[in-house]
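Colleague: below are the sequence and a predicted model; questions follow.
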Amino acid sequence: MKNYKLAIVGATGLVGRTALRVLEEKNIPNLEYTLFSSSKSAGTKIKFLGKEYVVQELKDDSFDSGFNFAIFSAGAQTSKYFAPIAASKGCIVIDNSSAFRMDENVPLIVPEVNFKDIINHSNIIANPNCSTIQAVVVLKPLDDNFKIKRIVYSTYQAVSGAGKLGLQDLENGSNAQLQQSSTAKTQLLKFSHPIYDNCLPHIDSFLINGYTKEEMKMINETRKILGHPNLPITATAVRVPVKNCHGESINIEFEKTFSINEVKSILKNSPGIIVKDDIKNDIYPIATEANGHDDVFVGRIRKDYSTANALNLWVVADNLRKGAASNAIQIMEKLIG
């Protein structure tokens, strides 16, 4: 069996460390690892697969030693500069940032949905936005059967999606509440308002059209992945005081008629999906049960009676795993074969 060399770029961040946990669980044979970060985190020691790895500083010549794959989780600016360098040296880059997602020459891949599109890659493959990934895993089999006419997204996104500083804002707010002291109020590190005991309809920056970048990512990425460039989609993305796992309310209009039994059967038999839909026993997807898993959980499956051929769903997934690290690793595994 062939040996492969894998670079983990951004190894000390939330997604990078999650990738290491997933790789440790999978323990993929014949894989050699090198961990990279910025100069700020270089020298960090990480225990992984029974060994201690020293994180190296990412430099222009870091990919000279012949890597087969690199998983980038270090932000768009790092990817824009270093991913083309790695790709030019024969390394297949799987990028978790937004840098290349809407580049028409770069495939945007969710393995359960559109892996066939990967054939067109030129050594850079984009991983979609976390909230998009969990949505399209559910949408694709329904689109194949009933042809989607319109989508309305309402997201409830965990603070881990905003990185370490987002988690710190939540923790600081919780600590201040426990201390019940005005002096315990701390400076916000990530959000424009306190996230503890609050919901913020503001993820990423606002655009001239009134949407946020996060909302437009969901709209544009869904169209690209499903192959429907003009599909009517709207979105409202909200940050909620949950540590990990995004929830999404998805309203879908179809061209064709459907029954709830058909929908449930299709979803139960589609890859990467777990249906949890037993309202008589209060069973539906929740963050605490999705946490640490790579599947997408779907429930609250019901018709929207306000219009014809419409459906409501509640979808939950671990945004650090399936929404980022695990999806990237799945892509690599399928490429290895």
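Modeller: Right, received. Where do you want to start?
Colleague: identify the residues contacting the helix or strand harbouring I219?
Modeller: Mapping I219 onto the secondary structure by DSSP states H and E places it in helix 213-226. Helix 213-226 has contacts (CB atoms under 8 Å, 6 or more residues apart in numbering) with 98, 101-102, 108, 110, 113-114, 128-129, 131-132, 135-136, 139-140, 143, 148, 151, 153, 155, 157, 203-205, 207, 209, 211, 229-231, 233-237. All C-beta atoms are positioned from the backbone trio N, CA, C, and that covers glycine.
Colleague: got the CA positions of the next helix or strand after that helix in CSV?
Modeller: Note on helix 213-226: by DSSP H and E, the next helix or strand toward the C-terminus is strand 233-239. Only the C-alpha atoms of strand 233-239 are listed here, as CSV (Å, rounded to 0.1, in the frame of the first residue of the first chain):
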residue,chain,number,x,y,z
ILE,A,233,-32.8,30.9,-1.6
THR,A,234,-32.9,33.3,1.4
ALA,A,235,-31.2,33.0,4.8
THR,A,236,-31.0,34.5,8.2
ALA,A,237,-28.0,33.4,10.3
VAL,A,238,-28.0,33.8,14.1
ARG,A,239,-25.3,33.1,16.6
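Colleague: if you average pLDDT over strand 233-239, what comes out?
Modeller: Averaged across strand 233-239, pLDDT comes to 98.
Colleague: in it, which residues are buried?
Modeller: By neighbour count on 16 or more other CB atoms under 10 Å, the buried set for strand 233-239 is 233, 235-237, 239.
Colleague: okay, these in CSV with distance to S38 next?
Modeller: What follows is the buried residues of strand 233-239, written out as CSV (distance: CB to CB, whole Å):
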residue, distance to S38
I233, 35
A235, 32
T236, 33
A237, 28
R239, 25
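Colleague: return the residues in contact with E289.
Modeller: Residues in contact with E289 (CB under 8 Å, 6+ apart) are 276, 297, 316.
Colleague: also K26?
Modeller: Applying CB under 8 Å, 6+ apart, one finds that K26 lies in contact with 329, 333.
Colleague: try the one 5 residues further on
Modeller: With contacts taken as CB under 8 Å, 6+ apart, L31 has the following neighbours: 3-6, 23.
Colleague: and it, how far from L335?
Modeller: Separation of L31 from L335 (CB to CB, to the nearest Å) stands at 12 Å.
Colleague: low-confidence ranges, the chain, go.
Modeller: For the chain, residues meeting the criterion pLDDT under 70 lie at 1, 177-186.
Colleague: count the neighbours of S270 for me.
Modeller: If you count neighbours by other CB atoms under 10 Å, S270 ends up with 19.
Colleague: what about it, which SS state?
Modeller: Counting by DSSP: H, G, I helix; E, B strand; the rest coil, the backbone at S270 sits in coil.
Colleague: please name the nearest non-neighbouring residue to it.
Modeller: Nearest residue to S270 in three dimensions, chain neighbours excluded: P141, at 4.2 Å (CB to CB, 6 or more residues apart in numbering).
Colleague: what angle do the host helix or strand of the one you found and helix 213-226 make?
Modeller: Under the criterion of DSSP H and E, P141 resides in helix 130-146. Calculated by axes from the mean of the first three to the mean of the last three CA atoms, to 10 degrees, helix 130-146 forms an angle of 40 degrees with helix 213-226.
Colleague: so which bits of whichever helix or strand comes after helix 130-146 are buried?
Modeller: Using DSSP H and E, the helix or strand that follows helix 130-146 towards the C-terminus is strand 148-157. Buried residues in strand 148-157, counted by 16+ other CB under 10 Å: 148-149, 151-153, 155-157.
Colleague: equivalent analysis for stretch 280-292, please.
Modeller: 284-287, 290-291.
Colleague: contacts only, for the closest residue in space to S98 that isn't next to it in sequence.
Modeller: The shortest distance from S98 to any residue other than its chain neighbours is 5.2 Å, reached at A76 (CB to CB, 6+ apart). By CB under 8 Å, 6+ apart, A76 lies in contact with 97-99.
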